[in-house]
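1. here is my input; please provide its structure:
(chains A, B and C)
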Amino acid sequence: MREFTLKSVAKVKQPFNKIWFVIGGLLITTIIFAQFIPFTPSSYRLSELGVIFKRLFVPYGVRTWNDYFGYFKEMQTPLIESIQISLGGTIIGSVLAFPVAFLSAHNVIKNKFISVPIKLIMNLVRSIPMIILAVLATFMVGTGVLSGIVAITLFSFGIMAKMLYEAIETVDMSPFEALESSGANKLVAFNYAIFSQIKPIYLGYVIYVFEINVRSSAVLGYVGAGGIGQVISDNILYNYNKVGVAIITIFITVIVVQIFSNWTRRKLK
Amino acid sequence: MYGKQPKRWIINTIFVVLLIVVIIFTFSGSTIKLTRLKNLDYTLGDMFRRIIKIQWDFFFGVGDYQFSQGIVHLVLETFAIGFLGTLFGAILAIPFGFLGAESLVGKKVAKISEVILLIIRVFPEIILAIILVKGFGMNAFSGMLTIGLHSIGMLGKLFSEAIDNMDKSPFEALDSVGANVWQKIRYGVLPNILPDLSSITLYRLDINVRAVSILGLVSAGGIGSILTIASSMWSWELLGTILLAVIIMVMLVDFISSSLRKKLV
Amino acid sequence: MCTAIIGVSGAGKSTLLRSINKMHEISEGSIFIDDVDVSKLKDKELRLMRRNIGMIFQSFNLVKRMNVFNNVLAGRVAYHNTFKTVFGLFPKEDKLIALEALETMGILEKAFTRADQLSGGQQQRVALARALAQEPKVILADEPVASLDPITTVQVMNDFLKINKALGITIIANMHHVDLALKYATRIIGIKGGYVVFDGNAESVNEEVLFNIYGRTIRHDEMLGATDA
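-> Just a heads-up that it's a prediction; the model follows:
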């Protein structure tokens, strides 16, 4: 782009800095897609934000603080439902993902005709956002906690299977080969060499997925798949206090799960 | 090794027992009607047949439909919310990244920043969307703000980690050359972390684009708005049409995001 | 003038060297460069003073993901205001200085390669080019060859010698390898337990002097062995 001539008469060409392409690309993309987002500052009512915030966390209307704290008791059943959904769905999905991941790992099953289609289906399931899976589940088994479990199961299956097969494909095969060469049969070698390496990784992933699923409980209920989210969608139009209580419950649950997961993750190392 | 054998057996049994307990717990309670699963095998076939019937007119917004009513338009809007929201969040997350880097600001400040980010992260997106819709209207702008604000929480934490793990040796060299703070940042920090920050942001874009589908439920824009219609109409065909569009978009974004990230090492 | 500082690990070589450009603070006393007490300088004056002192590190301290040219150019930041440097608006003369420094070090063809794609010896040369780009009067080197293999070590030491003779820049280096120090330096400073126990010509260093500095006979790993490139 720019040429320099040194004292020694040597010539140097400075190549074009690629960063300008990146910035240009970003700018163009931003301008194109900003067309889809309306920007009308005059219509914004920022004071409403404050009002809602207050309504969520401070009793209003005819309600008192007693009422407010009373709502927490009503959270019991929905909370248990949410845990049933997150925990159960994660476990079932992860258990189902285990064999499927092995079947699709190309260092376990050498036959590409089996591993590639399975990977394709997995990628398909993984590309579906949780909420669409939830709606799909309600179509399949009706609204209620069962659909939540089905949705979480499918979702967990999708991400677990992919993470697992990637882990299996990058596992260290040398202990396996060593055991095989020393006379052990394939199954035993597999169990000791590969399984044992995968198990701690697998557990780590299960906890990670569980964390994600607990956070989805707010959304699931919203589409009728049960749990605490249902409290929110039922009350969003007329009783913000209950919604606020539900939010706090979700908050506490997620933080507890985070702490638990950090602790377990540390222990696994 | 033989001494450890019985222990392993015990741990395995405990795991299996725990698993069974969890399963029982999951399906207990009067709210679950397991009988519905029985109908599933006949439903699955019917489901599949109906979900494949894509409504192409509606998909592209041609024929009886306007482009702005079509699914493609909605998907583009979904991506727009995801892209601009992530960009917005990434830019605002940078100062948080610096504030949360222990090696730069010390333990106290880093801890405070970490807690603030935690609160932002844990706040359910759907609630954030509901609140923002009241303030900014039932449009894609509220959606973009939701994604943006939520991403600050996620990105801020990862940015701090990247800054903490950064190679600090150029700092010494720049000090010895006589550089001031800004020059040290420009020539010591930026070139090293920009690739990392970009990689983190691209990964977040991937996740965010999926999260946008939730926003439509509360009228904050995106494909979620049609989802509620499909849901209330129990229409498999509509759901199938939506699914096709979403899957294509997610796979495209996933592909672009991974290829760009591979180039960033 | 080529000076080498030698001594046991931990004797204080690094401390002494880094006190010269105030990378290390001293608790009492003064350090004079051209009649200016370096230890009392602060902020802007300190930075202006550091402009004239180049520093070479054992681990090169280059920005790995940046290309060689920009790494060397970074040596010029203290000569311009913040705005220009942050936006990379260096004047043409500066860019020529940087390129010429690279030419002197014999790695001009690598000017636009990423720093982490070079070998250890090449990276140290880039670091030297960066120091040269400062147009310094003195170059401090903190164990500059400790991370390099024997052959590259000799090459880099020859580069130091070339800079010293051709450009008249004073070199002060911490050396781990005694034989290297004795071969390349004209003046030797021996440090023991935080004190200067020897300061004189390289020729006057004999076994007895070394025994005094190190408190024992020289170990095998403190001699490089290879003498010619």
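2. how far does the lowest-mean-pLDDT helix or strand in chain C sit from its chain's centre?
-> In chain C, no helix or strand scores lower on mean pLDDT, DSSP states H and E than helix C:207-214, which sits at a mean of 80. How far helix C:207-214 lies from its chain's middle: 25 Å, per C-alpha atoms, centre = their mean, to the nearest Å.
3. show me what it is packed against.
-> Secondary-structure packing of helix C:207-214 (3 or more C-beta pairs under 8 Å, 6 or more residues apart in numbering or on different chains; DSSP states H and E): strand C:2-7, strand C:187-192, strand C:195-201. From N, CA and C alone the C-beta is placed, and that goes for glycine too.
4. give me the contacts around that helix.
-> C:6-8, C:178, C:190-192, C:197-198, C:217-218, C:222 (C-beta atoms under 8 Å, 6 or more residues apart in numbering or on different chains).
5. got the angle between that helix and strand C:187-192?
-> Between helix C:207-214 and strand C:187-192, the angle comes out at 50 degrees (axes from the mean of the first three to the mean of the last three C-alpha atoms, to 10 degrees).
6. the helices in chain A, which residues?
-> Along chain A, the segments classed as helices by DSSP state H run A:19-34, A:46-57, A:65-74, A:76-83, A:89-104, A:112-127, A:130-141, A:145-169, A:174-181, A:186-189, A:196-222, A:228-235, A:240-268.
7. so which of the ones you listed gets nearest residue C:132?
-> helix A:19-34 (26.8 Å; C-beta to C-beta).
8. so which bits of that closest one are buried?
-> residue A:33 (16 or more other C-beta atoms under 10 Å in any protein chain shown).
9. also stretch C:15-24?
-> C:16-23.
10. give the contact list for residue C:76.
-> So residue C:76 contacts C:90, C:94, C:97-98, C:133-134 (C-beta under 8 Å, 6+ apart).
11. distance of the closest residue to chain C within the stretch 51-200 of chain A relative to chain B?
-> Among all residues of the stretch 51-200 of chain A, residue A:170 sits closest to chain C, at 24.0 Å; criterion: C-beta to the nearest C-beta. Here residue A:170 is placed at a distance of 16 Å from chain B (C-beta to the nearest C-beta, to the nearest Å).
12. need the pLDDT of the closest residue to residue C:218 other than its chain neighbours.
-> Distances taken as C-beta to C-beta, 6 or more residues apart in numbering or on different chains place residue C:178 nearest to residue C:218, at 5.4 Å, with adjacent residues excluded. The score at residue C:178 is 85. That number is its pLDDT.
13. contacts only, for residue B:131.
-> A:49, A:52-53.
14. that one is in what secondary structure piece?
-> Taking DSSP states H and E as the criterion, residue B:131 maps to helix B:125-136.
15. does the helix or strand following that helix reach chain A?
-> Note on helix B:125-136: by DSSP H and E, the next helix or strand toward the C-terminus is helix B:140-164. Yes - residues of helix B:140-164 contacting chain A under C-beta under 8 Å from any C-beta of the partner chain: B:140-141, B:144.
16. ranges for the helices of chain B?
-> B:5-27, B:40-52, B:56-60, B:71-99, B:102-105, B:107-122, B:125-136, B:140-164, B:169-177, B:181-184, B:190-215, B:224-233, B:236-263.
17. tell me how many other residues surround residue C:124.
-> 28 (other C-beta atoms under 10 Å in any protein chain shown).
18. swap in residue C:83?
-> Residue C:83 has 9 nearby residues by other C-beta under 10 Å.
19. report the central residue of the chain.
-> Let's take chain A. residue A:212 (4.3 Å; C-alpha atoms, centre = their mean).
20. try again with chain B
-> residue B:207 (2.9 Å).
21. for chain C, same thing?
-> Centre-nearest of chain C using C-alpha atoms, centre = their mean is residue C:141, 2.2 Å out.
22. what residue in the stretch 101-250 of chain B comes nearest to chain C?
-> residue B:178 (3.3 Å).
23. next, count neighbours for that residue.
-> If we define neighbours as other C-beta under 10 Å, then residue B:178 has 23 of them.
24. domain ranges for chain C?
-> Domain ranges of chain C: C:1-52+C:137-229, C:62-135, per automatic domain parsing.
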